[in-house]
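1. give me a model of this one.
(chains A, B and C)
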Amino acid sequence: MRMPATSSSRSYYRSRRARKRIANIVIAIVLIGLGIISLAPFWWMLSTSLKSMQEIMSFPPTKYPHAIIWSNYEHAWVSGRLSRYALNTLFLSCVGVFAHVLSNTFIAYGFAKIKFPGKNFLFSLMLATMMIPGFCTLIPQYILFSKLHWVGTYLPLTIPGFFGSAFQIFMLRQFYLGIPNDLIEAAKIDGANHFYIWSRIMVPLAKPAVIVIAIMTFQGAWNDFLGPLLYVNKESMFNIQIGLTAFRSAELTQWNYLMAASLIALAPVILLFFFFQRYFIEGMNISSGTKG
Amino acid sequence: MKKVNKAAIASLVLTLTTGVLLTGCGNNGDKNAAASHAPEDNNAPKEKVVLDFWTFWGSETRRPLIEKIIDDFNKAHEGKIEVKHSYYPYGDIWTKALAQTAAGNPPDVIVNSIEEAGLRAAKKQNTNLAEFLAKDPDVKDRFREDLWNTVLYKDDPYALPFTTDTRMMFYNKTAFKEAGLDPDKFPATWDELEQVAMKLDKKDAKGKYTQIGYAPQFAGFDAKSIAVNFDGGNGWLDDNGKANISTPNKIEGFNYVQRYTDRLGQKTIDEFKAAFGSKEANPFIAGKVAIWPDAVTFATQIRDFGKGMDVGIAPIPETKPGAGHWSAGGGFVVEIPAGAKHPAESWEFIKYLTDTAAQTYWAKMNYDNVANVQASNDPELIKDPIYKASVDNLTNTRVYPRPAAAADLFKMLDPQVDAILQKKVTPQEGLDQAQKDISDLIAQNGG
Amino acid sequence: MSLERKDALWGYVFVLPWIVGFLVFTFGPLLFSLYASFTNYDITSQMDWVGIRNYRNMFTHDSLFWKSLHNTLYYVLFNVPLTTFAALLLAVTMNQKIPGMRIFRTVFYLPSVLAGVAVFYLWMMLLNPSTGLVNMALGWVGIDGPAWMTDPNWTKPAVILMKLWGAGGGMLLYLAALQGVPEHLYEAAELDGASPIRRFWHVTVPMITPVIFFELVTNLIGAFQIFQEGYVMVQDQSTPGSPMNSLLFFNLHMFLKAFQSFQMGYATAMAWFLFIVVIVLTLINMALSKLWVHYEGGDNR
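-> The predicted structure is shown next:
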């Protein structure tokens, strides 16, 4: 915020500040209320994860664990073989993030900022691919990967990421479109080629969106179930979502371990979001000069 | 500020790349190992054959049992056959198997549902076992005839039955005594059952039910199963695979169920149902319902959570003496998916899985009804009266296969059943509609 | 002239990875499924040409086709506007500078992170009519909650409610876009005496229309793909879509046809039908977008 220049506007800003404070308090109260609703199911998860099976099955259900059993977490971790599965999942997620950020920022630039014949057709075609239900192409795709001798490796889960995903290309294109063309024209006059403009101007400017797709990709790969299930043939290569299913079974679902393991599985994604979200607001801090 | 961010991102990228490289190398190692292993299998048939065996038994209770059974097999076939167990989640295991079968690299042996064994055979998803059976003809005699029939397609076997189950009536003997009934005599017919059930109902001062003797709406042996029982154990399809739904006897079965709805009131039933849980909260164990039909494995829940309960077990009633105490069952088979590489060795393994030793062990540890007749009549097991009752009940139990032409049968039938139970249509109307829909379905599929 | 051609060449270079990926991983399977829709393909034993039989059966012989289409349309009609708007509202609120906002953002984002079957089981516990948290909370304000997952009239609203809980996922992109709205625009509007609601409609919304458009299009496509909820959130696992097929969504019906009845040919025909419906809706959406979506870059479309 720039310093007010005259005394009359100074008093205006002072009253504005007071109103803003009241508004903030109202907003905070609403947020706390909504936050409780948002978190309530997690309380249920957490409390279930700390109960004994006996207590989970009791009727009526208890609202908090009467006897807290922390060892449920250890048990879920060890018997669920989560350390192996977590490493596998981390690997898949990291490759996924790298592949998607690289390919999608690149491809989206072509769709957003360069004119070439057939662009609209290709773009519509790309949007159309988003509408195909996955399991219709599941079998032919499986046969394809099988012919490539990729089944049983992580290749079917990682390589396609390097060729872009329609959803994220669309998203980044929308974001790029909001960036003024003048910047590109100016760079062109300075003799920059498109590769330079993409890597030095567009990607840095689209940083908030890039972080968003990084988080989304990480989360998507972290939570993927069907992909690893279909293409992995060894338990030592399972990911965490397949690992979780072992706690569910027809005869007895071990709710406490399932919930404990689910919470463990959630943690990395939550932490990632918590620490990376500041990149969304960074730009604003620079333009407004006020700090929250 | 900016610099710090860049450094953070750079370091993140670096960490990720390093991780990628490290783990990537590890995987390459795995891949090479697998690649060098494969040709051995093909070039030197005398070498040890490794079989990939898929189950959905991944829980802490079941996994050790199946792995113990596999270990015993591996020890006996040291140097010749080695079975490796792979767990995949229930339901998804078959989607994966189907994809792999389509691509020509299925697992060697898989556990699958018994009702659709013939359907899978018709779709060429599993291997014809006739040539192996010709060499071991007595394998057939291990199984009850009707169970064996479920794995036949055009007279050839395509799987071996592994487990089965059956439904019976559990009843609370203490409640029987309190109501002045003979705790050792369970009603034999449905009409008698209704009389007994009324005596077991309890209401409080306001006329609200606190205990219900019996209601068919409470799972276990549902309205559909009752209708089949009323129809002499004839299922929803006749022997020629035609729809057999709107029969007078089945309509009578639904009328019987509706008598309970009318007497107890839909609201009472819904309220009871809403409070149901499992384990201690199971309404039978909690003493809210006195007669409870269920699969016989329910006995383990009574054992674990119903300490001190005096429980009796009896066959499902019949419509009139001699009509038959028809019960319904299901189960699982072991089979060799079509295109599997080592059918001869796999046959050895599934033969072993359904043989007396492995089946007795499985029955003892899981309290399951196993398919092998000798194992299920194991003298030690039979000492348990409930287990014995379940084995005896198997003769009244039918497994209803689902043929290809009517694969969607229950998707058409279930909504009509729901509508009947909620009294939106009469049994006659609902079943007539289902008869029409399913006949149409079968005609469409060329059945 | 030559500059334009050089530019076009660059354009192809940039989209080349997608074209290659499309041709290798998608186009083949896509053609395959189109062909399969005119056959009696069952994955393992047959693939004979049957002409338009699958399409004809779909419209004239399969009552569940219409039922499932109805269920999906019902869900789309409520889910898309609700989640799109809720996410936007949440993002605008989350864009305030209030102490502890980072925690709030995480809290609202949290539900969308939770994935897999565990979340469905969790909600089935929460929606239990007598012991669940939802009806307990409704009880506090004097409402007698319905039997959510067992009453066919309430199953779809229950699923829509559950999805609304996860709407925070859509907030991410809005937040990223909101940071691009220059602060001076707000200040100018405030000096003109515009109320917060007017500022929202006249400053915020126009500036982020590209993202709203994106969310609308992808939410619509996503909502049409719903199926797992109907598969997992049932009382009896052996009857997916129950009670009374009220949760038999289009894609669930398709999935069961493909993998339980092995009528893959029929299932692909259903997929192509839905595919065309969604394409038409998206094209309409894109045509309408010219009226309200505003791009700072000055590029059209």
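2. rest of the way, CA atoms for contacts and neighbours
-> Fine.
3. how far away is whatever residue of the stretch 301-447 of chain B ends up closest to chain A from B:Ala286?
-> Proximity of the stretch 301-447 of chain B to chain A (CA to the nearest CA) peaks at B:Phe305, 9.4 Å away. Note on B:Phe305: its distance to B:Ala286, by CA to CA, to the nearest Å, is 9 Å.
4. where's the most centrally placed residue in chain A relative to C:Val107, distance?
-> Taking CA atoms, centre = their mean, the centroid of chain A lies closest to A:Met216, which sits 2.4 Å from it. Look at A:Met216 and C:Val107: by CA to CA, they are 17 Å apart.
5. contact partners for B:Asn369?
-> Counting by CA atoms under 8 Å, 6 or more residues apart in numbering or on different chains, B:Asn369 touches B:163-166, B:363, B:376, B:390-391.
6. beta partners for it?
-> Beta-bridge partners of B:Asn369, counted by DSSP bridges, are B:Thr164.
7. still on that earlier bit, let's have the contacts of B:Asn369 in JSON lines, adding distance to A:Ala209, pLDDT and neighbour count.
-> Below are the contacts of B:Asn369 laid out as JSON lines (distance: CA to CA, whole Å; pLDDT from 0 to 100; neighbours: other CA atoms under 10 Å in any protein chain shown):
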{"residue": "B:Thr163", "distance to A:Ala209": "54", "pLDDT": "94", "neighbour count": "22"}
{"residue": "B:Thr164", "distance to A:Ala209": "55", "pLDDT": "93", "neighbour count": "21"}
{"residue": "B:Asp165", "distance to A:Ala209": "56", "pLDDT": "89", "neighbour count": "24"}
{"residue": "B:Thr166", "distance to A:Ala209": "58", "pLDDT": "92", "neighbour count": "25"}
{"residue": "B:Ala363", "distance to A:Ala209": "58", "pLDDT": "91", "neighbour count": "20"}
{"residue": "B:Ser376", "distance to A:Ala209": "63", "pLDDT": "91", "neighbour count": "26"}
{"residue": "B:Ser390", "distance to A:Ala209": "63", "pLDDT": "91", "neighbour count": "25"}
{"residue": "B:Val391", "distance to A:Ala209": "64", "pLDDT": "92", "neighbour count": "22"}
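8. for the longest helix belonging to chain C, packing partners?
-> Counting residues, the longest helix found in chain C (DSSP state H) is helix C:63-94. With contacts taken as 3 or more CA pairs under 8 Å, 6 or more residues apart in numbering or on different chains; DSSP states H and E, helix C:63-94 sits against helix C:53-60, helix C:101-113, helix C:155-165, helix C:168-178, helix C:209-224, helix C:250-259.
9. next one: the shortest one, is it in contact with chain A?
-> No: under the criterion of CA under 8 Å from any CA of the partner chain, helix C:53-60 makes no contact with chain A; the nearest approach is 15.0 Å.
10. chain center to that helix: distance?
-> Centroid separation for helix C:53-60 versus its chain: 27 Å, with CA atoms, centre = their mean, to the nearest Å.
11. now the fifth one
-> Here the centre of mass of C-alpha atoms in helix C:209-224, compared against the chain's by CA atoms, centre = their mean, lies 8 Å away.
12. is chain A within reach of that helix?
-> Yes: counting by CA under 8 Å from any CA, chain A has neighbours in helix C:209-224: C:210-211, C:214, C:218, C:221.
13. scan those and report the most crowded one.
-> Counting neighbours by other CA atoms under 10 Å in any protein chain shown, C:Pro210 leads those with 27 neighbours.
14. so, low pLDDT: which residues of chain C?
-> C:1, C:116-117, C:235-237, C:296-301 (pLDDT under 70).
15. ok, now the stretch 1-150 of chain A?
-> A:1-14, A:57-60, A:135.
16. can you check the stretch 1-150 of chain B too?
-> For the stretch 1-150 of chain B, the ranges with pLDDT under 70 are B:1-46.
17. where do the strands sit along it?
-> B:49-55, B:81-87, B:109-113 (DSSP state E, counting those that start in this stretch).
18. with the stretch 151-300 of chain B instead?
-> Going by DSSP E, counting those that start in this stretch, the stretch 151-300 of chain B shows strands at B:152-153, B:156-157, B:160-164, B:167-172, B:202-203, B:209-211, B:291-295.
19. for chain B, what is the nearest residue in the stretch 201-301 of chain C?
-> For the stretch 201-301 of chain C, CA to the nearest CA, closest residue to chain B: C:Met244, 4.3 Å.
20. get me the contact residues on chain A for chain B.
-> A:57-59, A:79, A:91, A:94-95, A:98, A:138-139, A:142-143, A:146, A:153, A:229-230, A:234-235, A:242, A:245-250.
21. okay, and which of the residues you listed map to strands?
-> Judged by DSSP state E, strands contain none of the residues of chain A next to chain B.
22. so how do I select the buried members of those in ChimeraX?
-> Buried subset of the residues of chain A next to chain B, written as a ChimeraX selection, criterion 16 or more other CA atoms under 10 Å in any protein chain shown:
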select /A:57,59,91,94,95,98,138,139,142,143,146,153,229,230,235,242,245,246,247,248,249
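23. ok so, going back, before we move on, what SS does the residue of the stretch 201-301 of chain C closest to chain B have?
-> Assigned state for C:Met244: coil (three-state reduction, DSSP: H, G, I helix; E, B strand; the rest coil).
24. how close does it sit to chain A?
-> 23 Å (CA to the nearest CA, to the nearest Å).
25. now B:Leu193
-> On the measure of CA to the nearest CA, B:Leu193 and chain A end up 29 Å apart.
26. quick one on the thing from earlier: identify, out of the strands of the stretch 1-150 of chain B, the most deeply packed stretch.
-> Compared across those, strand B:109-113 shows the largest average neighbour count, a mean of 23 (mean count of other CA atoms under 10 Å in any protein chain shown).
27. now the angle between strand B:160-164 and it, please.
-> Taking axes from the mean of the first three to the mean of the last three CA atoms, to 10 degrees, one finds strand B:109-113 and strand B:160-164 inclined to each other by 50 degrees.
28. quick check: neighbours of strand B:109-113 in the sheet, parallel or antiparallel?
-> Applying DSSP bridges, strand B:109-113 is found paired with strand B:49-55 (parallel), strand B:331-335 (antiparallel).
29. how near is the closest residue to B:Ser439 other than its chain neighbours to chain C?
-> Nearest residue to B:Ser439 in three dimensions, chain neighbours excluded: B:Ala243, at 5.7 Å (CA to CA, 6 or more residues apart in numbering or on different chains). B:Ala243 sits 16 Å away from chain C, going by CA to the nearest CA.
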